[in-house]
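Mind folding the following:
(one chain, ligands or ions: 1)
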Amino acid sequence: MYGSDGVNDDSERTAFRRTEKKYKLYYDSNSKSSKKKKQPRAVDLSEVIDFKSISESFAVNGDLPAGVSKLERNFDRPVFCLDNCPGFYFIPASLSIEEQCRWIKESLVSFPQPPNRTNHNALYGAIHDLFNAAKTSQVLVKEVTVPGEDISNDVDANFHNHRWASSEEHDSSVNGGNCRSISASVLLRKLRWSTLGLQFDWSKRCYNVSLPHNKIPDALCELAKKMAAPAMAVGEEFQPEAAIVNYFSSGDMLGGHLDDMEADWSKPIVSMSLGCKAIFLLGGKSRNDEPLAMFLRSGDVVLMAGEARERFHGVPRIFTDIENADIGSLEKKLSDEDDICYLEYIKTSRININIRQVF
Ligand SMILES: O=C(O)CCC(=O)C(=O)O
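Numbering: from 1, shown residues only. As a prediction, this is how the structure comes out:
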C-alpha cells in the first residue's frame, strides 16, 4: 500500500496519480546536492480543503463553503459532509488531546504486540515489546546456533528465535560468536502497520479468521461505536471487528486504494488521525476521477460508508516540519519526562487507526 519514491512510467497516467504527485514530498534538486539541509519542494496548498477553518468559521457565523454541509443529526460536535459525496463524514478535532495521547501510546506500545501482526512479522516473526526495547536501546539478536552455518547463504531470514539484548551484551556476543542483529529503534522507525482484532492477510488481501487474534480493546470499541454513529442507520450499532493501524514517517505515503474486503459497505470505516498533519485524497470510483484534497490533523475522525466506500482514497503527504505539522497541543501534553519517548516519535510521524466491521 505504501508508494515508493520511484517515478515509474504510469506515474502520470491517472488523475489520482497526478494529484498524488502534486502533493507528495519532493526535495529541491539543487538543495539535495549541497551540504545544506534538504528543503522540501514548495507545494501550492490553496486547493486543499481545511475542515479546521471551516469548523471555526461555522462556529462564529454559521457559514459553510459551497459544497459542504453540516449533518443534521444529534451528535456532540459538528459533523461535516460533502454534497457530492454521500457517505463521507468529517468530524474535525473529534478526539480530545487526552484521547489522542492515549491512542498514540497504545499504537506504539500495545497494538504491535503479538498476536497482533505487523509488517515485521514476515521477516522477523513475532516481536514482543518493540517500543520499550527501542526506548532502552536494545538490539534484536538472532543467535545462529548451528555450528558452521553460513549466515550469508541463509535464505530463511526469519528471526523466529530472537531475543532482545543490550548493545553491550550484543557487542560481546558478536565478538564471541555467530549472530545477526538489528536495533529496536530501527525496527520502530520501520513499523508501517499493525492489525488489531481479525487479522488482515496482506498477501491474499483478505481477513484470515484462522490467525490467532485478540478482540479489539473495549475502550477502542466504545470510541469507534460512538464515532461511527453519524454514519449508521438510526437504531443500529457499529460492530468493530478489525482495525489497521498505519504508521507514517516523513516521506511515507499511502497510495490510492479501496477498502473492499468487508462484507457490508453500508457500515462505515472509522478512521482516526494522530500526530503530524497529512493530506488525504478522496477520489471517485475510477482513478481517472479528479480527487479532492483535504487536511487531516491529529484528533480528526473521518467516516466512509455506503457510496463513499467505492471511492479511491489515499494519503500522499505528511508534514513533519514545525510550521505545518500542527501538533503544538500534543507537544505540550507530552512534554513530561515520562512521555518524551512518545513525543520524539510523534514529532515526525503520523498514526492512523481505522476500524472496520468485517461481517
Ligand atoms: O491514513 C489515513 O488517513 C487513511 C488510511 C486508509 O485509507 C486505510 O488504511 O485504508
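
any idea how far the spatially closest residue to Gln239 that is not a sequence neighbour is from the ligand?
Nearest non-adjacent residue to Gln239, counting by C-beta to C-beta, 6 or more residues apart in numbering: Gln357, 4.8 Å away. C-beta: built from backbone N, CA, C; applies to glycine. Using C-beta to the nearest ligand atom, to the nearest Å, Gln357 is found at 14 Å from the ligand.

Tell me where the stretch 101-250 of the chain has helices.
121-124, 130-135, 167-176, 184-189, 218-228 (DSSP state H, counting those that start in this stretch).

count of neighbours near Arg297?
22 (other C-beta atoms under 10 Å).

Who are the contact partners of it?
Shown in contact with Arg297 (C-beta atoms under 8 Å, 6 or more residues apart in numbering): 52, 92-93, 273, 277, 326.

Weed out the non-buried ones from the residues you listed.
Using 16 or more other C-beta atoms under 10 Å as the burial test, these include 92-93, 273, 277, 326 as buried.

Output those in JSON lines; the columns should cover secondary structure.
Shown next, in JSON lines, are the buried ones among the contacts of Arg297 (DSSP: H, G, I helix; E, B strand; the rest coil):
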{"residue": "Pro92", "secondary structure": "coil"}
{"residue": "Ala93", "secondary structure": "coil"}
{"residue": "Ser273", "secondary structure": "strand"}
{"residue": "Lys277", "secondary structure": "coil"}
{"residue": "Asp326", "secondary structure": "coil"}
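
Which single one of these is nearest to the ligand?
Distance to the ligand across those (C-beta to the nearest ligand atom) is lowest for Ser273, with 5.8 Å.

Report the secondary structure state of Phe280.
strand.

May I have the phi/psi pair for the residue nearest to it when sequence neighbours are not counted?
Nearest non-adjacent residue to Phe280, counting by C-beta to C-beta, 6+ apart: Leu296, 4.8 Å away. Note on Leu296: its backbone torsions stand at phi -120, psi 130 [degrees, to the nearest 10].

Pull up the gap between Leu296 and Ser286, please.
23 Å (C-beta to C-beta, to the nearest Å).

so who does the residue nearest to Phe280 touch?
Per C-beta under 8 Å, 6+ apart, neighbours of Leu296: 273, 277-280, 302, 315.

Ok, Arg77 next?
91-94.

Just the terminal-to-terminal distance for stretch 306-319.
For stretch 306-319, the first-to-last residue distance is 30 Å (C-alpha to C-alpha, to the nearest Å).

Show me which residues of it are buried.
Those would be 308-309, 311-319, for stretch 306-319 by 16+ other C-beta under 10 Å.

Among the residues you listed, which ones lie close to the ligand?
313, 315 (C-beta under 6 Å from any ligand atom).

you'd agree Gly67 is up against Asn84?
Yes: judged on C-beta atoms under 8 Å, Gly67 makes contact with Asn84 at a distance of 6.5 Å.

neighbour-wise, which of those two wins?
Shown here are Gly67 and Asn84; by other C-beta under 10 Å, Gly67 has more neighbours (12 against 9).

where's that one relative to the ligand, distance?
From Gly67 to the ligand the distance is 21 Å (C-beta to the nearest ligand atom).

Next, give phi and psi for that residue.
phi 90, psi -10.

re the thing from before, need the max-distance pair from the contacts of Arg77.
Ile91 and Ala93 (8.0 Å; C-beta to C-beta).

Now do the contacts for Asp339.
By C-beta under 8 Å, 6+ apart, the neighbours of Asp339 are 101, 333.
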